[in-house]
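Q: Sequence and predicted structure, then a few things I'm wondering about:
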Amino acid sequence: MAIALCLSGVVGLLLSRAIAQPLRRLTAAAGAVAQGQLDQQVPVRSRDELGRLSQAFNEMTARLRAARQMEIDFVANVSHELRTPLTAVKGLVETLRDGAVDDHQVRDRFLETVEGETDRLIRLVNDLLLLSRADSEALNLQREPVDLAQLVRATASRLVTQAETKRLVLQVSVSPIAPLAWADPDRIEQVLLNLLDNAIKYSRPEGTVTISVDGGQGQPALVQVRDEGIGIPAEDLPRIGQRFYRADKARSRPQGGSGLGLAIARALVQAHGGRLWLESQEGQGTLVTFTLTSP
């Protein structure tokens, strides 16, 4: 009995240490994370419940670090996007005050530039407000049965001139059995405009941009926008759709936009309960697909 008691005591001590040490490490790491030290990681030395708990903790801290970095990048990008037009407007106003206002031709050109930069600021602020409402689920969608075929044709017709300017062919393909969508037509039109605008911007001259509508009875509506443009490098593809992210860093902002168009399109589709995803190969074009539920 004495030997058995000693053995059980030793086994109990070893078990308690095996349980207590990982818990102490987790407790210390959790306290450090609570103080803002997000680089904490704990060793995973088993596959039992404690090992899975340690693995979950490591994944949590990794996501927290990624979220913090995204927040830092977001603030930096917003600041840069706001500073650029504001600096331009300030410089133009100072030039006008220094005497350029007396030259009617220069004054009109400067005022036109100021108006353009102001419009750009308004669009940026409106886009950020829309994304904020989407994040807080406060979009207040006005849903109704939407004839996607009709909406796609009407939206494409608005961009025909823009496509012709780049010598592009804009095609619409609609399946005979394309279903209706249960959606807010204004928001879906915004999605279509953003996707088609991107496809036209990044297409090569003499190419084709195709938008198609498909689906079937009892199946979600499927909308695809395909271009034959420059495509997206494989290393950039996972980040496309993040706010302010541009695959082509050298592209000018007037040509490349603010980097919010695809993020807004994805947020609006997700608010409808649908999905949006991209497929692309560098040099061969991009295919953007999204789904919407039927009524």
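A: Noted; the coordinates are in hand.

Q: Now do the strands in the stretch 151-295 of the chain.
A: Here the stretch 151-295 of the chain has its strands, by DSSP state E, counting those that start in this stretch, at 169-174, 181-183, 208-214, 221-226, 276-281, 285-292.

Q: who wins for proximity to L38 among these?
A: Between L38 and the strands of the stretch 151-295 of the chain, the shortest separation by CB to CB is 29.4 Å, and it involves strand 276-281. Any C-beta I mention is one placed from the backbone N, CA and C, and that applies to glycine too.

Q: pLDDT below threshold where in the stretch 1-150 of the chain?
A: Within the stretch 1-150 of the chain, the ranges that satisfy pLDDT under 70 run 9-20.

Q: repeat that for 90
A: The stretch 1-150 of the chain contains residues with pLDDT under 90 at 1-142, 148-149.

Q: re earlier: any idea which of the strands of the stretch 151-295 of the chain is most buried?
A: Greatest average neighbour count among the strands of the stretch 151-295 of the chain goes to strand 181-183 (a mean of 25), per mean count of other CB atoms under 10 Å.

Q: Strand partners (parallel or antiparallel) of that one?
A: Strand pairing for strand 181-183, using DSSP bridges, gives strand 144-146 (antiparallel).

Q: roughly how far is the partner strand from the heart of the chain?
A: Centroid separation for strand 144-146 versus its chain: 25 Å, with CA atoms, centre = their mean, to the nearest Å.

Q: buried residues in that strand?
A: V146 (16 or more other CB atoms under 10 Å).

Q: Can you name the residues in contact with it?
A: With contacts defined as CB atoms under 8 Å, 6 or more residues apart in numbering, strand 144-146 is touched by 180-185, 188, 295.

Q: Next: stretch 155-172.
A: Outside stretch 155-172, the residues that reach it (CB under 8 Å, 6+ apart) are 152-153, 189, 192-193, 196-197, 200, 203, 205-212.

Q: ok, of those residues, which come out buried?
A: Buried members of the contacts of stretch 155-172, scored by 16+ other CB under 10 Å, are 152, 189, 192-193, 196, 200, 203, 207, 209-212.

Q: Generate CSV for those, with pLDDT and distance to R68 as supplementary columns.
A: Formatted as CSV, the buried ones among the contacts of stretch 155-172 follow (pLDDT from 0 to 100; distance: CB to CB, whole Å):
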residue, pLDDT, distance to R68
V152, 92, 40
E189, 93, 35
L192, 94, 34
L193, 92, 33
L196, 93, 35
I200, 91, 36
S203, 88, 37
G207, 88, 41
V209, 93, 38
T210, 92, 40
I211, 93, 38
S212, 92, 40
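
Q: Would you reformat those as JSON lines and include distance to R239?
A: Converted to JSON lines, these look like this (distance: CB to CB, whole Å):
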{"residue": "V152", "distance to R239": "28"}
{"residue": "E189", "distance to R239": "27"}
{"residue": "L192", "distance to R239": "23"}
{"residue": "L193", "distance to R239": "23"}
{"residue": "L196", "distance to R239": "22"}
{"residue": "I200", "distance to R239": "22"}
{"residue": "S203", "distance to R239": "21"}
{"residue": "G207", "distance to R239": "25"}
{"residue": "V209", "distance to R239": "23"}
{"residue": "T210", "distance to R239": "25"}
{"residue": "I211", "distance to R239": "24"}
{"residue": "S212", "distance to R239": "26"}
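
Q: one step back: how about the strands of the stretch 151-295 of the chain in CSV, adding distance to L124?
A: Below are the strands of the stretch 151-295 of the chain laid out as CSV (distance: least, CB to CB, whole Å):
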stretch, distance to L124
strand 169-174, 27
strand 181-183, 26
strand 208-214, 25
strand 221-226, 23
strand 276-281, 22
strand 285-292, 22
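
Q: Out of those, flag the one nearest Q105.
A: Nearest of those to Q105, taken as CB to CB: strand 169-174 at 37.1 Å.
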